[in-house]
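Asker: Would you be able to build a 3D model of this:
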Amino acid sequence: MLPKKEIRLHQRLQLGLIHLAVAMTLVPINSTLNRVMIKELAISATLVAVLASLPYLFSPIQVAIGSFADRHPLFGKHRTPYIIAGLLLCVLGVIVSPYAAFAMAKNFWGGLALGLLAFIAWGMGYNLSAVSYLSLASELSGEKGRSRTVAVMFFMMITSIILTAIALSRMVDPYTPQALLRAFWVVGLTALGIGLLGILRLEPKRDAGHAIGDIHYTWGNMLRAVLGNRQAAYFFWYLIILLAALLGQDILLEPFAAEAFNLTVQGTTRITAIWGGCMLAALAAAGALESRTDKRNVARWGGMVALAGFILIIASGFERSLPVFYSGIVLLGTGTGLSTVSNLSLMLDMTTEGSVGLFIGAWGMANAISRLLGSVMGGALRDTVSQAAQDPLAGYLVVFGLMALMLLVSLWMLRQINVRDFRQRTQTMSVVDRAAMVE
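Answerer: The predicted model follows:
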């Protein structure tokens, strides 16, 4: 078993380095490459969205990976080998992905096959590493130290996204295919080095032959846990609609800026840094607000600010106004930060002792579904509307309008969420119902 000691600062920082390293590999794929594929290489936004969504399609394997790692240590470690394997796959995916994109422009089917391998590698690596380092963070921190550990990891992750976006924007200026390939290599290898430094001597030794836990949880368990509680089911669908609106714009925002304002690859890559900086400031503000007001109020304010951001982004497309567009990005990042903290707190409130794993898994599934739904729906709608209207810009504006409408729906749903009702229904669940959740 792990020694029951207070987690040390250097351990929290090491966990943050692993989280940071994995996040670094996401930035080139989700910010720079999607813009190049859609704008410079004229690849279908639907196809780009499907490729970018593969990690979330594979997210259910996290349950199996976590359960397998609990019972099958490698080289005496339950987490370290799986984290390293996942990080290597992430780095492989990010390095190969631009080669695949350029290959698609010359030999579509050959390039598509390589692209599938690259994005599947990144997706498998993300899921393999994420469930492993989050499990290790939970084990090292203990119940009392988890919130602080998560805060440190999240802060370091957002900071890394901002710094990686800034570095990428400089490495691809001026843009050439060779500059893009070189930048992806630099980011990938840097992430690998940081991640290995983070995992070094982090996981303590356990008792020989020790297995962690003896209950197998599945996606079926989680669905039954959610559907058996009216408030939990309502919150589940609320999260899907909210996150699909907030995160579904990821692959389209930079191509939109390139189309509407003729921004360079360097210019559009900086959008991620602006969005991330505003989100980071909002995360800090939300923490202070939660001590003074109800969490639902903070969530409501976050949704309203993000909605205003989408409205300004749409207006910027009609007016072709870059200042209005940047104002929209600032509001969208701020609203996303406020909404993230408050809804994460609500999510943690809507768990109960003895079934934390089930409900946290269900909320994780809602996040995966929303990202998949938002990205694919946005890419397909953009392509369909743009072709029908014979105007590339029209597709983006319709998608952003749909995101704004989804935020309005989520704000209405938020009014119906009642944590106290959730806990009462969970506590009165019958023994038979509880037993049915575990296979």
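Asker: For Leu197, give me the pLDDT.
Answerer: For Leu197, the model assigns a pLDDT of 93.
Asker: One more: Ser147?
Answerer: You'll see Ser147 listed with a pLDDT of 60.
Asker: please begin residue numbering at 359 from this point
Answerer: OK, 359 is where the count begins now, so the last one is Ser505.
Asker: how far does stretch 747-755 sit from the chain's center?
Answerer: 27 Å (CA atoms, centre = their mean, to the nearest Å).
Asker: now that stretch: mean pLDDT?
Answerer: Per-residue pLDDT values over stretch 747-755 give a mean of 90.
Asker: residues making contact with it?
Answerer: Contacts made with stretch 747-755 from outside it, assessed by CB atoms under 8 Å, 6 or more residues apart in numbering, are listed as 403, 610, 613-614, 617-618, 672, 675-676, 739-745. (C-beta placed from N, C-alpha, C; glycine too.)
Asker: are any of the residues you listed buried, and which?
Answerer: For the contacts of stretch 747-755, a neighbour count by 16 or more other CB atoms under 10 Å gives the buried set as 403, 610, 613-614, 617-618, 672, 675, 739-741, 743-744.
Asker: Among those, which are located in strands?
Answerer: With DSSP state E as the criterion, strands contain none of those.
Asker: Can you pick out the ones from these that are in helices?
Answerer: Per DSSP state H, helices hold the following members of the buried ones among the contacts of stretch 747-755: 403, 613-614, 617-618, 672, 675, 739-741, 743-744.
Asker: Dump those residues into a markdown table; add pLDDT and distance to Ala602 as well.
Answerer: Compiled in a markdown table, those are given as follows (pLDDT from 0 to 100; distance: CB to CB, whole Å):
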| residue | pLDDT | distance to Ala602 |
| --- | --- | --- |
| Ala403 | 85 | 16 |
| Pro613 | 90 | 19 |
| Phe614 | 91 | 18 |
| Glu617 | 89 | 22 |
| Ala618 | 89 | 23 |
| Ile672 | 95 | 17 |
| Gly675 | 92 | 21 |
| Leu739 | 90 | 12 |
| Arg740 | 90 | 15 |
| Asp741 | 91 | 18 |
| Val743 | 92 | 18 |
| Ser744 | 90 | 20 |
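Asker: Which two among the residues you listed are spaced furthest apart?
Answerer: The two members of those with the most space between them (CB to CB) are Ile672 and Asp741, at 18.5 Å.
Asker: closest to Met482 among the ones in helices among the buried ones among the contacts of stretch 747-755?
Answerer: For these, the nearest to Met482 is Ala403 (24.0 Å; CB to CB).
Asker: so the closest one touches Gly737, yeah?
Answerer: Yes. With contacts defined as CB atoms under 8 Å, Ala403 counts as touching Gly737 at a distance of 4.1 Å.
Asker: got any residues that touch both of those two?
Answerer: With CB under 8 Å, 6+ apart as the test, Ala403 and Gly737 both reach 609-610.
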